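In: Structure of the sequence below:
(chains A and B)
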Amino acid sequence: MDLRLANMWRLTMNEKKFIKTALTSGIRIDGRNPYEYRKLSIKFGRQVSAFSYIEERDTHIHVHKWVSWFREDGSSEVQLGQTHVMGFVTGQLVQPYRDQANEGTLSIYTEFSLMANPSFEPGRLGEFAVELGRIVDRGLRESRAVDTESLCVLAGKLVWAILIDLHILDNGGNLVDAANIAALAALLTYRRPECSLGGEDGLEV
Amino acid sequence: MEVDRADGRNPNQLRPLACSCSILHRAHGSASWSQGDTKVLAAVYGPKAGTKKNENPEKASIEVIWKPRTGQIGKPEKEYEIILKRTLQSICILTINPNTTTSVIIQVVHDDGALLPCAINAACAALVDAGIPMKHLAVAICCCSAESGYCILDPTKLEEQKMKGFAYLVFPNSILSVLPEGSSLVQGEPMEHGIITSVTHGAMSVDDYFHCLERGRAASAKLSDFLRRSLQSKLPGDLSKAE
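Out: Residues are numbered from 1 along each chain as shown, chains lettered A, B, ... in the order given. Modelled structure (predicted):
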């Protein structure tokens, strides 16, 4: 709806000019160095948390104070400064594609919800949401972060399909990083259910 | 009648409640409400210009978007959206900002029973956080009734599935009155005896239903207290002196 566009958060000309002149003199508007990260905090499950501080020192990136407990249900909540992303992982048994009969599938569903950005329309994926989904998808798939062959249960008949749901709660910038971290963190805590084959072709999970 | 609940609560006991406001930065108002393991996040975007085609332009309209934890939006989510929209429409003052749309977005973080009441409570807290004008707040509670006729409050997901029938009930918030007694009566009864919304699932007899209603109403007083305490800590101190 055209009326919605009027409610977008727009930068004024003065603000744009201010940010640009500050950047040319090496100052960022929140006082960080050009290579400095905001505070990152990752929560797993619903009760436990991991804390990490990423700092750039002489081109080496140090990760301080990493303490983590894992709760095995495949959910993560990532906060990078003001950006807030949640990831949930679920698995289902499905029939595989014909040309990849012994590999499981991994799919990412990103919804750039109205929560994060008032100009977004529900039910219709904006360009940026699609692009974000594709970046996370390609990153996980091509780096083989998930071993799809191990997701196979019965070659040609049943494989695990892993679905990662990314919910963008708050858009404070740098969604690409936050979404990738959330997807990976959720995958790390996910444990797929045990299933064993019984009978002639029966399945028990 | 004594009943053993899986987590050791007695029939009238609610799960531990937690509410936090202003957790999101872009949204005009936001709140997260959790009852035990059920956790819901609500965000509100304040009045935006224009209403949708089917809405009355003489009044403000409320739009609810329900986002499930995983999967696509389907019919159950649409049903929740409609119920929530009607509930919120009855508590907000719609004549103040005509021809505007207020959006409420509900994100389910975890579902362990009594999801809709949790969402209604979260939405109310988020609306207060955003400063949307309302007549009063609403508190929602879930009551189940079992075969032998006893009823339990605030069930977990397992309890909900085992029970014969359950009802989601929404009552108006009890009023902390600065006016003398008797001035807030509606047709001779105090306002908190009214009911805003009732959604029932399963089968229960009429007596069971009224029994649940009474228990729910009693518990809603506790819920209103909790809601008031958690929201009041966000208000600046001199507001109460201004009365």
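
In: Next, the buried residues of the longest helix seen in chain B.
Out: The longest helix of chain B (DSSP state H) is helix B:206-232. Within helix B:206-232, the residues scored as buried using 16 or more other C-beta atoms under 10 Å in any protein chain shown are B:208-209, B:211-213, B:215-217, B:219-220, B:222-224, B:226-228, B:230-231. All C-beta atoms are positioned from the backbone trio N, CA, C, and that covers glycine.

In: So for it, mean pLDDT?
Out: What helix B:206-232 shows for mean pLDDT is 85.

In: near chain A, which residues of chain B?
Out: Contacts of chain B with chain A, taken as C-beta under 8 Å from any C-beta of the partner chain, map to B:24-27, B:30, B:37, B:39, B:41, B:43, B:45, B:48-50, B:52, B:65, B:67, B:69-73, B:103, B:105, B:107, B:109-110.

In: Narrow these to those that are buried.
Out: With burial judged by 16+ other C-beta under 10 Å, the buried subset of those is B:24, B:26-27, B:30, B:37, B:39, B:41, B:43, B:45, B:48, B:50, B:65, B:67, B:69, B:103, B:105, B:107, B:109-110.

In: Just checking, which helix or strand succeeds the host helix or strand of residue B:105 along the chain?
Out: Element membership for residue B:105, per DSSP states H and E: strand B:100-110. Following strand B:100-110 in sequence order, the next helix or strand is helix B:115-130 (DSSP H and E).

In: Walk me through which strands whichever helix or strand comes after that following helix pairs with, and which way each runs.
Out: Proceeding N to C from helix B:115-130, the next assigned helix or strand is strand B:138-145, under DSSP H and E. Under the criterion DSSP bridges, strand B:138-145 sits next to strand B:151-153 (antiparallel), strand B:165-172 (antiparallel) in its sheet.

In: Redo those as TSV? Include mean pLDDT.
Out: Formatted as TSV, the strands paired with strand B:138-145 follow (pLDDT from 0 to 100):
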stretch	mean pLDDT
strand B:151-153	84
strand B:165-172	86
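
In: so can I have a markdown table of these showing mean neighbour count?
Out: Conversion of those to a markdown table gives the following (neighbours: other C-beta atoms under 10 Å in any protein chain shown):
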| stretch | mean neighbour count |
| --- | --- |
| strand B:151-153 | 22 |
| strand B:165-172 | 23 |
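
In: do you know which of those lies nearest residue A:77?
Out: If you check each of those against residue A:77 by C-beta to C-beta, strand B:165-172 wins as the nearest, at 26.9 Å.

In: Any stretches of chain A with poor pLDDT?
Out: A:1-10, A:45-72, A:116-126, A:197-205 (pLDDT under 70).

In: Now for the spatially most central residue of it, which secondary structure element holds it?
Out: By C-alpha atoms, centre = their mean, chain A has its centre lying nearest to residue A:179, at 2.9 Å. Applying DSSP H and E as the criterion places residue A:179 in helix A:175-189.

In: got it, and residue B:88?
Out: Assigned by DSSP H and E, residue B:88 belongs to helix B:75-91.

In: got the angle between that helix and strand B:165-172?
Out: Computed by axes from the mean of the first three to the mean of the last three C-alpha atoms, to 10 degrees, the angle separating helix B:75-91 from strand B:165-172 equals 30 degrees.

In: Show me what counts as buried in helix B:75-91.
Out: B:77, B:80-81, B:83-85, B:87-88, B:91.

In: What lies in contact with it?
Out: Residues from elsewhere that reach helix B:75-91 (C-beta atoms under 8 Å, 6 or more residues apart in numbering or on different chains): B:62-68, B:104, B:106, B:116, B:119-120, B:123-124, B:127, B:134-138, B:140, B:170, B:172, B:196-197, B:199.

In: give me the number of residues near the residue lying closest to residue A:41 once chain neighbours are set aside?
Out: Closest residue to residue A:41 apart from its sequence neighbours, by C-beta to C-beta, 6 or more residues apart in numbering or on different chains: residue A:79 at 4.9 Å. Counted by other C-beta atoms under 10 Å in any protein chain shown, the residues lying close to residue A:79 total 22.

In: next one: the one 4 residues further on
Out: For residue A:83, the neighbour count with other C-beta under 10 Å is 23.

In: Does it touch residue A:176 like I think?
Out: No - at 10.1 Å, residue A:83 and residue A:176 do not qualify as touching, with contact defined as C-beta atoms under 8 Å.

In: pLDDT weak spots in chain B?
Out: By pLDDT under 70, the weakly predicted segments of chain B are B:1-4, B:174-193, B:234-243.

In: The nearest residue to residue B:111 once chain neighbours are set aside - how many residues pack around it?
Out: The spatially closest residue to residue B:111, leaving aside those adjacent along the chain, is residue B:38, at 5.9 Å (C-beta to C-beta, 6+ apart). Residue B:38 has 23 neighbouring residues, counting by other C-beta under 10 Å.

In: Isn't residue B:38 up against residue B:116?
Out: No - with contacts counted by C-beta under 8 Å, residue B:38 stays clear of residue B:116, the gap being 10.0 Å.

In: all strands for chain A, in order.
Out: Listed in chain order, the strands of chain A (DSSP state E) span A:40-44, A:48-57, A:60-67, A:75-80, A:83-94, A:105-111, A:152-154, A:158-170, A:196-198, A:202-204.

In: Could the C-alpha coordinates of the first one be exported in PDB?
Out: The C-alpha trace of strand A:40-44 is given here as PDB (Å, rounded to 0.1, in the frame of the first residue of the first chain):
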ATOM      1  CA  LEU A  40      27.400  -9.800  20.600                       C
ATOM      2  CA  SER A  41      25.400 -12.000  22.800                       C
ATOM      3  CA  ILE A  42      23.900 -15.400  21.900                       C
ATOM      4  CA  LYS A  43      21.300 -17.200  23.900                       C
ATOM      5  CA  PHE A  44      20.500 -20.900  23.400                       C
END
